[in-house]
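**Student:** Sequence plus the predicted model coming up.
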Amino acid sequence: QPVPLRYGAQYTGMRTDEAMQQWRSHRFGQFIHWGLYAIPGGVWNGKTYNYAAEFLKSSARIPTATWDSLMYQFNPREFDARAWAKMAKQMGARYMTITTKHHEGFCLWPTKFTDFNISNTPFRRDILKELVDAYNAEGIDVNFYYSVLDWHHPDWRYDIKSPEDSVAFRRFLDFAGNQLKELATNYPTVKAFWFDGTWDSSIKKNGWWTLEAEQMLKSVRPGMIVNSRLRADDFGKRHFDSNNQLMGDYESGYERRLPNPVKDLQVTKWDWEACMTVPENQWGYHRDWTVSHVKSPLELLEMLVHATSMGGNFLLNFGPDGNGGFRNEERHIAQFIGKWMEKNGPVIWDCGYAGWEKQDWGYFTRKNGSAHVNMIVFNKPVSGLLKVKVKGDVKILSAKAGGKAYRVEEIAKNEYFIHFTDRKMTEPRVIVLETAKASEAADKYQ
Ligand SMILES: C[C@@H]1N[C@@H](c2cn(-c3ccccc3)nn2)[C@H](O)[C@@H]1O
């Protein structure tokens, strides 16, 4: 018997409107974390802090007044929104999500609701507008990351423990609501809001506000998309409400991790997105990437394919430095993935879960409703035989990679081996399987 909820999921099932279909078809997005934290880049008073660079204020216990004065140094001379957009386009990203305001509370746009914003820096210009215009000009949709958690705002509270807390936090929620309305109104082409910083008790105790914020955004911009991370229901439950229904338009709980392709198949029933750092845990620019493992372009490309194979989006993070430049590692990753996407984008864009059982050699993807199933091979088996188990009334007619055909051997009902004759593999191999109804073709095995 479902629990009656006022602030729970507002609908069940996947959205089928054009805006959501567009978001879903993109599959690959560029996350950008940029703020005052990019100036020190994880180093303070000559000491390197290994924790996430965007947390330096708390890692190095820097007083708010000291941290906030970084605003007077923010002057990214190299910043060129068009160059950023070109790099993202070449990488094959179809959308970009930018931190309008991270936990530090500094706003990349000239907001009316706090002076702690870009217009009071030496740079002055509206970075958000320049990014939205440049990325949209490249045909890339722009989404806004917004941290509700705000270390700068005097009325922010982690919990509500007194009437004073209630009064202050109500002022804070009004402030945040005003900023969100300002963003949705002044940047009309924004397609989605990526909420963060919503795990504290103060928010869990104000589930009503999270629903109002989502409803306001969707009334200002019909079709607007909002991630599950914003919402708290009547009992403070987040992402999935007390009736286990997904709140918001897509699940955004996968941060620096991906769903398991065998055990977590439930995600194929709804929209979801995983966001990923290049180092083990750095979203903002960090001067020293030797402090942790840095993922290779191939590791990240496999994650993109992995997410697509489970019907989810992959949001790959870039952390520009205080001057507006990207690191060489990030440029190389964009260039490597872009080269592969130039040839193989069609097995990612507008593709999703094929409905077949994951095999060791790699991943399946399928373009919506297509009879073709794509195999993206990462691991060549010593046997040279790629196992494929099809589901239902399906027969594999051919297996092709560009002009090259691979032998298809039916080894049992609904089971095949694709004879993989490739020699050395230097990048994932895409093989397209053409299928037909088995009932319309002679059945070899009774
Ligand atoms: C999308 C990512 N979410 C932010 C974050 C992560 N965390 C966090 C804090 C404690 C444990 C685990 C995660 N707090 N804020 C990161 O700073 C980045 O913006």
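**Tutor:** That came in fine, so what should we check first?
**Student:** Residue 276 pairs with what?
**Tutor:** Beta bridges link residue 276 to residue 316, judged by DSSP bridges.
**Student:** if I look at it, how far off is residue 313?
**Tutor:** In this view, residue 276 and residue 313 are 11 Å apart by Cβ to Cβ, to the nearest Å. For every residue, glycine as well, the C-beta is placed using N, CA and C.
**Student:** same deal with residue 361?
**Tutor:** In this view, residue 361 and residue 313 are 24 Å apart by Cβ to Cβ.
**Student:** now do residue 408
**Tutor:** With Cβ to Cβ as the criterion, residue 408 and residue 313 are 32 Å apart.
**Student:** For the protein, which residues are neighbours of the ligand?
**Tutor:** Within the chain, the residues that sit near the ligand (Cβ under 6 Å from any ligand atom) are 33, 52, 54, 196, 255, 275, 283.
**Student:** hmm, 5 Å instead?
**Tutor:** Within reach of the ligand by Cβ under 5 Å from any ligand atom, the chain has these residues: 54, 196, 283.
**Student:** Go through the residues you listed and flag which are in strands.
**Tutor:** Counting by DSSP state E, the residues of the chain next to the ligand place residue 196 in strands.
**Student:** Which one (most neighbours) among the residues of the chain next to the ligand?
**Tutor:** The member of the residues of the chain next to the ligand that has the most neighbours, counting by other Cβ atoms under 10 Å, is residue 283 with 29 neighbours.
**Student:** which one is that one nearest to, not counting chain neighbours?
**Tutor:** Distance criterion Cβ to Cβ, 6 or more residues apart in numbering; nearest residue to residue 283, sequence neighbours excluded, is residue 33 at 4.2 Å.
**Student:** Sketch out the low-pLDDT regions of the stretch 151-300 of the chain for me.
**Tutor:** Low-confidence segments of the stretch 151-300 of the chain, defined by pLDDT under 70: none present.
**Student:** Number of residues surrounding residue 323?
**Tutor:** Neighbours of residue 323 (other Cβ under 10 Å): 13.
**Student:** Could you pull up the residues touching the residue lying closest to it once chain neighbours are set aside?
**Tutor:** Spatial nearest neighbour of residue 323, chain neighbours left out: residue 78 (4.5 Å); criterion: Cβ to Cβ, 6+ apart. Residue 78 is in contact with 323-325, counting by Cβ atoms under 8 Å, 6 or more residues apart in numbering.
**Student:** ok, now with 10 Å
**Tutor:** 320-326 (Cβ atoms under 10 Å, 6 or more residues apart in numbering).
**Student:** ranges for the strands of the stretch 101-250 of the chain?
**Tutor:** For the stretch 101-250 of the chain, the strands defined by DSSP state E, counting those that start in this stretch cover 141-147, 192-196, 225-226.
**Student:** The first one vs strand 192-196, what angle?
**Tutor:** For strand 141-147 against strand 192-196, the angle by axes from the mean of the first three to the mean of the last three Cα atoms, to 10 degrees is 20 degrees.
**Student:** Just the buried residues of strand 141-147, please?
**Tutor:** Neighbour-count burial for strand 141-147, counted by 16 or more other Cβ atoms under 10 Å, picks out 141-147.
**Student:** Counting neighbours, go ahead and name the busier of residue 408 and residue 313.
**Tutor:** The residue with more neighbours, out of residue 408 and residue 313, is residue 313; 24 against 18, by other Cβ under 10 Å.
**Student:** pLDDT value on the more buried one, please?
**Tutor:** On pLDDT, residue 313 comes in at 99.
**Student:** can you pull the contacts of the residue nearest to residue 71 when sequence neighbours are not counted?
**Tutor:** What sits nearest to residue 71 in space, not counting adjacent residues and going by Cβ to Cβ, 6+ apart, is residue 121, at 5.4 Å. Contacts for residue 121 were tallied using Cβ under 10 Å, 6+ apart; they are 36, 70-76, 106, 108, 127.
**Student:** So residue 121 versus the ligand, what's the distance?
**Tutor:** Residue 121 sits 21 Å away from the ligand, going by Cβ to the nearest ligand atom, to the nearest Å.
**Student:** okay if I get the strands of the stretch 101-250 of the chain as TSV plus distance to residue 342?
**Tutor:** What follows is the strands of the stretch 101-250 of the chain, written out as TSV (distance: least, Cβ to Cβ, whole Å):
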stretch	distance to residue 342
strand 141-147	20
strand 192-196	26
strand 225-226	27
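**Student:** Residue of the stretch 1-150 of the chain nearest the ligand, please.
**Tutor:** residue 54 (4.7 Å; Cβ to the nearest ligand atom).
**Student:** I'd assumed residue 39 was in contact with that residue.
**Tutor:** No - taking contacts as Cβ atoms under 10 Å, residue 54 lies outside contact range of residue 39: 11.6 Å.
**Student:** Please enumerate the shared neighbours of these two.
**Tutor:** By Cβ under 10 Å, 6+ apart, the residues touching both residue 54 and residue 39 are 284-285.
**Student:** Can you tell me which residue sits nearest the middle of the chain?
**Tutor:** Nearest to the geometric centre of the chain sits residue 315, at 3.0 Å (Cα atoms, centre = their mean).
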